[in-house]
Each structure stands twice: as structure tokens, then as C-alpha cells.
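Participant: Have a look at this prediction, sequence included:
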2 protein chains.
Amino acid sequence: MTSLLSERVARMKGYVPGEQPRAGTLLKLNTNENPYPPSPRVLRAVGEAASRDLRLYPSARADELREAAAQCYGCRPEQVLAANGSDEILALCLRACVSEGDVVAFPRPTYSLYPTLAEAAGASIVEVPALPGEIPAGLLEAGAAVTFLCSPNSPSGASLQLQEISRFAQAAGGLVVVDEAYVDFASHSALEILDRHSNLLVSRSFSKSFSMAGVRLGLGFAAPDLIEGLNRVKDSYNVSRLAAAAGVAALADYRWMRDSAAKVCATRDRTISRLRQAGWQAADSDANFFWLDCGGEGGLSVYRRLRDGGVLVRYFNTEELRGGVRVSVGTDEQMERFLAVLGV
Amino acid sequence: MTSLLSERVARMKGYVPGEQPRAGTLLKLNTNENPYPPSPRVLRAVGEAASRDLRLYPSARADELREAAAQCYGCRPEQVLAANGSDEILALCLRACVSEGDVVAFPRPTYSLYPTLAEAAGASIVEVPALPGEIPAGLLEAGAAVTFLCSPNSPSGASLQLQEISRFAQAAGGLVVVDEAYVDFASHSALEILDRHSNLLVSRSFSKSFSMAGVRLGLGFAAPDLIEGLNRVKDSYNVSRLAAAAGVAALADYRWMRDSAAKVCATRDRTISRLRQAGWQAADSDANFFWLDCGGEGGLSVYRRLRDGGVLVRYFNTEELRGGVRVSVGTDEQMERFLAVLGV
């Protein structure tokens, strides 16, 4: 039976997403969701799209959304790809640019989906240890068909400098994917240097800053002929009418997202300060989460302590990461609850 | 620049979906959409899901929907995979079971997405000419890692006999995917023989019979360990909260779908009779479309004639298919309009 699966898939474990408890009183600070709701315009747009027109296929390339994104981000619609979450953007990059045995490279630690995607593509994986905010020297030497740079990175929360990304893209022979899922909580975006590099793709998500994780919507920005190549390997109608309508409305109410992100950033910085005052080591962050070094106690113990106190954070059971936990930023009130469990 | 794409993707043309004119007065009989709206319960469920909870990720495997599907179709939740349209189910089958150079086989003519998916997977394609309703003898000899059997098939509208499918699955070494996108307009489903074959996957769509093409939702049914393998290669949260809620509501109002499908079937059979009475050769169909042989006039000319008359049907420019057009079944009124343009 398992012989039906290709060898590489038979060997795979698959990605383990953060827990999504069905209901209950646990405070979820584990999957970087936004504590604030989506714009009322988004909810209204979805309600309006819930019409008899759902019987019709959506636009195959989500034309209206791509036009709205081009206007919002200052590029052309041909430079935009819409997808069923930014995870699909990342997967499409590998599907279009990687043959079995090609190298997929990324600094580590980083988003733990990358190795899963690379395994599924039959790629050789090169992970290069990196300090927060660093593109490690060895990354270029990997000669990768696709390199993932997550900026701000998870779980560190550190951004890469544009100059560094630009230098890397200039020197790299393959595709460089800058995963900007968290960029709206940071100060700069690689979209600024997009036109300088034909091998650069910038991936964006509506899940975090736009509070739309449940909608599944992501955008990719790149040179038109790369976008065209990605279109060839995507499912024909990958963005639903509901998601497209939600995305157009979200971009039209960009201010709502900016306000929501600003509140999250203020709460984040306040929480980090409070932790430090109490003697904890919390890292600076450009994202809607931060890394909490748990010192001698270790990540698992703090994870359990928080869970017993009704707060769910993310613990990664790897050698590099088991010394701490990743904490998503909620509302001020929620972070008080988090701090209280820690005795801060 | 194009050197970023893998060789096989650089060579690919990509799937060409049927036209989706943005607006206007054209009667769309080209992409097999249902002329009737989705159940009011579906629209209500989507409206209710358009809440502040959209800030949260959906269930990674759409648990509630899988449970509803298991109950509705008489199997266990572990036998069900939910996806972003049944196109994603088909794509996942190749991603999990095909390595570069493996064979993907199918009778032809059939759904024109299969070769695109196979090319994207780097597979060798074996297409075996077949009569409507036939599994051709040569198909087994292909020794395929994955075989697609579309039943009812497009564009013929003909179903395969369960006994034939069963015999084929028994003899085949690889995965056999029965694509049942149109099965609710037919009389029998391979779900009846699912438990007999560990290498059988049945794919279902909400696009046609449930009038939910704009939602993007499909289901795959197979043995639990195959479903588990497919889960490893799917995107983490591939079904949105909106699509999952719509699917649960659609299954809860199964009767609505049955009534809608029954109306479509009655209109289909009436339209085919009328065409035959007027001397046209229209094929029997188990789907929500039928194949119209255009005789000496040819498919392109009839396509153009209909288009000039405001009716859009599907013309496939291949040697086998350019002699006719595929006509989706609308309401009685819409089919009168179609017949009138043809002078019937």
C-alpha cells in the first residue's frame, strides 16, 4: 500500500502546524494570529460575495485582486500572483523552479515549512546556521535553485537589511524568495528593490497583519515572466470568489491594517520591556511575535507552565530552539494574562 | 531569466481554462457551471463565517467537514481529504505518488488538465485512445504510477461501469484516481467499491452539482494510509474557514443538491431529444453537459455561430475534438435560447 507513495513522500513526516484547539478558554499565542478582527469592509465583502454567483468559477488569476494589489503596492498586475495563502506561493516557487536533486537552501532556524516543501519537491536541502538578521556567508555557496529568506524571520523576529538581500540576489544564480509574512510589523520591505532583480520574489500573506488567517490568501510579487511561469503550475482556479473579494476589500481599507499592526507593535514592545525588567531575555522583534529565551528552565518547562496557566505559546523541539518559546503578540489585556502566569 | 524555471516548466504551456467573461450578456454554457444557485444554507453559513474569527487559522485538515462528509457518504473521516477544489485533489495525487520519469496514464480524450498536471510533475504521459465509456485495453500496459479515469468523462458525458473500474484497479500496480466531478448527474459512484481497493481514490467536486464553483472545494476518498500520504504534501491550511463552512452546510442540505441535479438532468435529456429530432447528433450524457457532433460544419463554426448569437460553449482545438462542441446544461429557458440560435 505505502508503495503507492513515491519514495521521497514515503520518507516524509509532513509539516506539523501549531495546535488549533477547537474551542475552549486557552489563550492562543502560538500561531501568530492577529488579536484584532479583520476590517468590517472585509466581512461585508465576504457577505456580499455569498450570493448566487458562487455557482460561477472565479477569475482564474484573480484579476481584480491583482489589479488592486498592483495599485496598492505600486507595481503592475503582471508582477502579481494571488494564491491560497502565502504557503501556496512558496510551494509554487519550488514546483516551478526545482527539479529532483536540485538544491533548496535557507538560513536556520527559520520557518519550519521550508524543509517540508523542499522534501516534497525531491530537492536536496542545504540549511546554513545563521544569527538573527544575518544572511550567512555559506548560503551563496549552496548554489541553490531556490533560496528562502524569511524577513522578518521566525522565530527570531529579526529583519534582513535590504542591502544584504540585494547583494545576495545579485550574486545568486537561482530564485531568491523573500518571505515577508510578517513585514507589516517591520520597517522596510524588499518590494522596494523588486525591480532591480529578475530573480527575486517577494511573498506576502493576509493572515497576520490583515487578520485573515481563516481566509487563506497570499500574494507573490516578481518579474512578469517569472509570474507567468508560476501561473503554469498553479491550480487553475486557486483563489476563490470569497477570498478574492476579501482581499480587494482588505487592500481598500489599508488603514485598518496599519492601525491594527501599530497596536500590535506597541503591545509587543511594551511586553518585551516588562519581561526584561523582570530579568527575562526577550529578543527585539520586527514581527507580531517575539522569541523568549527561557534560560536554565528551558522552553518545554515554560511552555508547560504557560499552558497550565491557560496560555498556549509555540515550543519547537529542535536542538537550536528548545531553549526558548515563541510568543505571539495579543492585545494588552491578553499579554497581561501571559505576564501574570510567568509571575511578571 | 527563464533559466530560473526548471526545464519541464519552461517547456510547459499551462492549462487553458474555459473563458470567464467578466460581465456582459453572454450565456455561459462553456465551463459546466450549475445554472441554479447554491443552497440558501450555504450562503447563510458563509455569511456567518464572515466573522471576527476569520483572524484565526482554519482546522489544518478541515476536521468538521471531513466528519460531515464521512457521515454523508458512509465512510470514516480518515478516508477523507478536503482540498481547495478537486483540481487540488488531483494535483496532490501526483505530488505524492509520482517521481520524475514515472508514467501518468489516462484514456483520451478526457479532462485536459491531466496532461498539465503530469507535465508539472515531470511524469511521462501515456494517453490511450478510448471510446466513450470504455477503459481501453492498452491502459493497464502503461504501468502507470497514477492513472486518471474521469467518470462521467468530459467531454463525452459517458460513465464507466463499476465492474470495469474494479477490474482495472485490481490489476493495476499504481494509484487509480476516479475523477467523479460530474457523478451527481449520473447513476452510480465508485465510492461503492472504495473499500475493495487500497489503490483507489475517488475525487469529488462541489463546483458542479452543489453550485459552488466560486467557493473552491473538493473531497478525496481513499484508504486512510493513502490519505495520510496526501496530507504530507498538501499546504498546511488548504481549506479556508469560509469553504469549510460552505461545505458542511451543503452536505447538510443534500436534498437541495439532489433537486438541482435532477432539474439539470431533465433539461439535458429534453435538449438532447430536441436536437436529435432536428437532425443533430447529440451524445447521451451522464453529466451536466453533452457532446454535440457538428458534422460537416465542424466545431469551430458552430462555436462561432453560437457566440455570435450570445451563447458561449466550449470548443477544443484538438484533432479528436474539433468536430464538435461541449455544451453545458443551463435552465430550460437558457437551453431554449441555445436551441433558437441553432435554428432548432
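Facilitator: That came through fine.
Participant: just the strands in chain A please.
Facilitator: A:27-28, A:80-83, A:103-108, A:124-129, A:146-150, A:175-179, A:200-205, A:218-221, A:281-282, A:289-293, A:311-312, A:324-328 (DSSP state E).
Participant: Wait, A:Leu339 touches A:Thr271, no?
Facilitator: Yes: if you go by CB atoms under 8 Å, A:Leu339 and A:Thr271 touch, sitting 6.9 Å apart. Quick note: C-beta positions are derived from backbone N, CA and C, even for glycine.
Participant: Neighbour count: these two, which is higher?
Facilitator: A:Thr271 (24 against 17; other CB atoms under 10 Å in any protein chain shown).
Participant: Would you check that the more buried one makes contact with A:Glu336?
Facilitator: No: A:Thr271 is not in contact with A:Glu336 according to CB under 8 Å; the separation is 9.0 Å.
Participant: what's near enough to touch A:Val239?
Facilitator: Neighbouring residues of A:Val239 by CB atoms under 8 Å, 6 or more residues apart in numbering or on different chains: A:58-59, A:62, A:65, A:82-84, A:217, A:247, B:216.
Participant: Out of those residues, who's the most crowded?
Facilitator: Among the contacts of A:Val239, the one with the most neighbours (other CB under 10 Å) is B:Arg216, at 34 neighbours.
Participant: Which residues are in contact with that residue?
Facilitator: So B:Arg216 contacts A:58, A:84, A:237-240, B:84-85, B:207, B:243 (CB under 8 Å, 6+ apart).
Participant: now with 6 Å?
Facilitator: By CB atoms under 6 Å, 6 or more residues apart in numbering or on different chains, the contact list for B:Arg216 reads A:240, B:84-85.
Participant: Relative to A:Ala158, how far out is A:Ala282?
Facilitator: Going from A:Ala282 to A:Ala158 by CB to CB, to the nearest Å gives 13 Å.
Participant: can you check A:Thr110 too?
Facilitator: According to CB to CB, A:Thr110 and A:Ala158 sit 11 Å apart.
Participant: Repeat that for A:Ser86.
Facilitator: Distance, A:Ser86 to A:Ala158, by CB to CB: 19 Å.
Participant: show me where pLDDT drops low in chain A?
Facilitator: Counting by pLDDT under 70, the ranges of chain A that qualify are A:1-2, A:22-23.
Participant: Name the residues of the stretch 51-200 of chain A found near chain B, please.
Facilitator: Neighbours of chain B within the stretch 51-200 of chain A, by CB under 6 Å from any CB of the partner chain: A:52, A:54-60, A:84, A:87-88, A:96-97, A:99-100, A:120, A:175, A:198-199.
Participant: From these, which land in helices?
Facilitator: Among those, the members found in helices (DSSP state H) are A:87-88, A:96-97, A:120.
Participant: Of those residues, which is the most crowded?
Facilitator: Among those, A:Cys97 has the most neighbours (other CB under 10 Å), with 29 neighbours.
Participant: In contact with that residue, which residues?
Facilitator: By CB under 6 Å, 6+ apart, the residues touching A:Cys97 are A:145-146, A:175, B:4-6.
Participant: same check, this time on A:Gly157
Facilitator: Taking CB under 6 Å, 6+ apart, one finds A:285-287, A:290-291 in contact with A:Gly157.
Participant: make it 7 Å
Facilitator: Each residue near A:Gly157 by CB atoms under 7 Å, 6 or more residues apart in numbering or on different chains is listed here: A:283-287, A:289-291.
Participant: mind checking how far the residue nearest to A:Gly85 when sequence neighbours are not counted is from A:Trp280?
Facilitator: Distances taken as CB to CB, 6 or more residues apart in numbering or on different chains put A:Arg216 closest to A:Gly85, at 4.3 Å, once the chain neighbours are dropped. Distance, A:Arg216 to A:Trp280, by CB to CB: 35 Å.
Participant: now do A:Arg11
Facilitator: According to CB to CB, A:Arg11 stands 39 Å off from A:Trp280.
Participant: The two: which has the busier surroundings?
Facilitator: Using other CB under 10 Å as the criterion, A:Arg11 and A:Trp280 rank with A:Trp280 on top: 17 against 10.
Participant: Tell me if I'm right that the more buried one and A:Leu292 touch.
Facilitator: Yes: in this structure, A:Trp280 is within contact of A:Leu292 by CB atoms under 7 Å, at 6.5 Å.
Participant: which neighbours do these two share?
Facilitator: Counting by CB under 7 Å, 6+ apart, nothing touches both A:Trp280 and A:Leu292.
Participant: since we're on the residue lying closest to A:Thr31 once chain neighbours are set aside, how many residues are nearby?
Facilitator: In this structure, A:Thr31 finds its nearest non-sequential neighbour in A:Gly18, 3.9 Å apart by CB to CB, 6+ apart. Applying other CB under 10 Å, we find 19 other residues in the vicinity of A:Gly18.
Participant: show me what contacts A:Gly18?
Facilitator: A:30-31, A:314.
Participant: List the residues that contact A:Ser189.
Facilitator: By CB under 7 Å, 6+ apart, the contact set of A:Ser189 is A:180, A:183.
Participant: For the stretch 51-200 of chain A, give the residue positioned nearest to chain B.
Facilitator: Proximity of the stretch 51-200 of chain A to chain B (CB to the nearest CB) peaks at A:Arg52, 3.5 Å away.
Participant: How much space separates that residue from B:Asn34?
Facilitator: Distance, A:Arg52 to B:Asn34, using CB to CB: 10 Å.
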